[in-house]
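**Q** predicted coordinates and the sequence they were generated for:
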Amino acid sequence: MPDTIPIAAVSDLTVRYGAKTVLDQFSLEIPEGCVGLLGPNGAGKTTLIKTLLGFVTPQAGRAQVMGLDVATQGKSIRQKIGLMPEQDCHIPGMNAVTFVAYAGEMAGMPPEQAIRRAHEVLEWCSLGEARYRNVETYSTGMRQRVKLAQALVHGPKLLFLDEPTNGLDPAGRDEMLELVRDVSHGKGLSVVVCSHLLPDIEKTCDTVVVMRRGEVVRQGPIATLKQTGGVQFDVELRLFSDGFVGAMQERGASLVSQLGSSCRFALPETEPAPHRLIFEAAVASAAQVRGFRPAERSLEDVFLEAVSG
Ligand SMILES: Nc1ncnc2c1ncn2[C@@H]1O[C@H](COP(=O)(O)OP(=O)(O)OP(=O)(O)O)[C@@H](O)[C@H]1O
């Protein structure tokens, strides 16, 4: 369970579309901070977000966002959150500043305040110079940034971003990820990012929730999920040495992988002092060890393991 206060919590939630059950007695606490919501297509991520926003009515269970009940306080929730949807959401014929200010008014801001904030937030999204242009004339990168601006204009405490880097080139993607990181780590907002791009999640999020077929199959801080439990170590040798591998094996370790002079070993789970074992093997085989550290799995490994189980 997360050790921070949940920004959203659902318990025993069941959501069906007709005869199709998408979430079945689903429970989850989303911690504060920047959280990645991952899962294969059809896992139920969008349905969960729609339910949290009060757009989909569950058949059973409870859901709360920032302490507000989704069933009875949907409007208050929508005024306190920002949503950057996956699909375009601009209004044809409207320029960016008018559109973003309109989004602010829809969230309950007085018109003058909404227009002032629209200018500020468009400037922050690097759209200051283009703010009087119709959004239809924008490039894909600019459209993504105007979607972020409309989600931020009313100063939400929680932001939902659905595929924020969709369709962006590498430069646009970096720019968007930097904005997301700044929002979540520099401005103190909680952010939930839905993305299929695991590197994007690693660059922006602290924790992840992995869903599969309407269930949570992994959850926790990315750094913790990537650990191999301290049982595996990466050892960097000056030169690869069969003698060193043999000496490690004699001490109960096994070679997991090798790339050039880098070797990954699985150590006995009961090994109390991995560093001593590595030094002893180096001395016994006259190999030069340049460094070693507990091995980490990639987020992709964590994800694949979670969704294939
Ligand atoms: N309005 C709807 N009516 C019927 N079925 C729906 C509806 N919306 C979603 N579904 C189905 O519910 C399941 C979960 O969909 P959902 O969009 O929540 O998944 P997702 O994890 O967000 O997927 P993706 O990554 O593809 O966006 C899918 O099988 C989808 O076809």
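**A** That came through fine. Numbering: from 1, shown residues only.
**Q** quick one, domains of this protein?
**A** Following the TED database, the chain resolves into domains at 8-220, 229-308.
**Q** roughly how far apart are the residue nearest the centre of the chain and A9?
**A** Computing the C-alpha centroid of the chain and ranking residues by C-alpha atoms, centre = their mean puts G36 first, at 1.9 Å. As judged by C-beta to C-beta, to the nearest Å, G36 and A9 stand 18 Å apart. Any C-beta I mention is one placed from the backbone N, CA and C, and that applies to glycine too.
**Q** got phi/psi on T204?
**A** phi -110, psi -30 (degrees, to the nearest 10).
**Q** my read: it touches L179, true?
**A** No: judged on C-beta atoms under 8 Å, T204 makes no contact with L179 at a distance of 9.6 Å.
**Q** between these two, which one's more packed in?
**A** The neighbour count for T204 versus L179, taken as other C-beta atoms under 10 Å, is higher for T204 (26 against 22).
**Q** how about the more buried one, nearest residue that isn't a chain neighbour?
**A** Once flanking residues are discounted, T204 sits nearest to V180: 4.8 Å by C-beta to C-beta, 6 or more residues apart in numbering.
**Q** residue contacts, the one you found?
**A** Shown in contact with V180 (C-beta atoms under 8 Å, 6 or more residues apart in numbering): 34, 148, 161, 164, 191, 193, 204.
**Q** how about the helices in the chain?
**A** Secondary structure of the chain by DSSP state H: the helices cover 45-52, 74-80, 96-106, 111-124, 140-152, 170-181, 198-204, 222-226, 242-250, 274-285, 299-308.
**Q** just to revisit the earlier point, beta partners of the residue nearest to the centre of the chain?
**A** Taking DSSP bridges as the rule, G36 bridges to V193, V208.
**Q** kindly provide the distance from the closest residue in space to L237 that isn't next to it in sequence to the ligand.
**A** The spatially closest residue to L237, leaving aside those adjacent along the chain, is S261, at 4.5 Å (C-beta to C-beta, 6+ apart). S261 sits 41 Å away from the ligand, going by C-beta to the nearest ligand atom, to the nearest Å.
**Q** contacting residues around stretch 54-69?
**A** Residues from elsewhere that reach stretch 54-69, judged by C-beta under 8 Å, 6+ apart: 7-16, 23, 25-26, 47, 50-53, 70-71, 74-78, 80-81, 157-158.
**Q** just the buried subset of these, please.
**A** 7-10, 13, 15, 23, 26, 47, 51-53, 70, 74, 77-78, 80-81, 158 (16 or more other C-beta atoms under 10 Å).
**Q** around the ligand, which positions in the protein sit nearby?
**A** Neighbours of the ligand within the chain, by C-beta under 6 Å from any ligand atom: 17, 20, 22, 39, 41-47.
**Q** thinking again about what came up before, closest one to P170 out of the contacts of V180, please.
**A** Ranked by distance to P170 (C-beta to C-beta), the contacts of V180 are led by P164 at 14.6 Å.
**Q** got a list of what the closest residue to that closest one other than its chain neighbours touches?
**A** Leaving aside its sequence neighbours, P164 sits nearest to M176 (C-beta to C-beta, 6+ apart; 5.5 Å). By C-beta under 8 Å, 6+ apart, the residues touching M176 are 141, 144-145, 148, 164-165, 168.
**Q** how about those residues in JSON lines, adding neighbour count, distance to G243 and pLDDT?
**A** Shown next, in JSON lines, are the contacts of M176 (neighbours: other C-beta atoms under 10 Å; distance: C-beta to C-beta, whole Å; pLDDT from 0 to 100):
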{"residue": "G141", "neighbour count": "18", "distance to G243": "54", "pLDDT": "92"}
{"residue": "Q144", "neighbour count": "26", "distance to G243": "54", "pLDDT": "94"}
{"residue": "R145", "neighbour count": "26", "distance to G243": "57", "pLDDT": "95"}
{"residue": "L148", "neighbour count": "25", "distance to G243": "56", "pLDDT": "96"}
{"residue": "P164", "neighbour count": "26", "distance to G243": "50", "pLDDT": "93"}
{"residue": "T165", "neighbour count": "25", "distance to G243": "47", "pLDDT": "93"}
{"residue": "L168", "neighbour count": "20", "distance to G243": "50", "pLDDT": "92"}
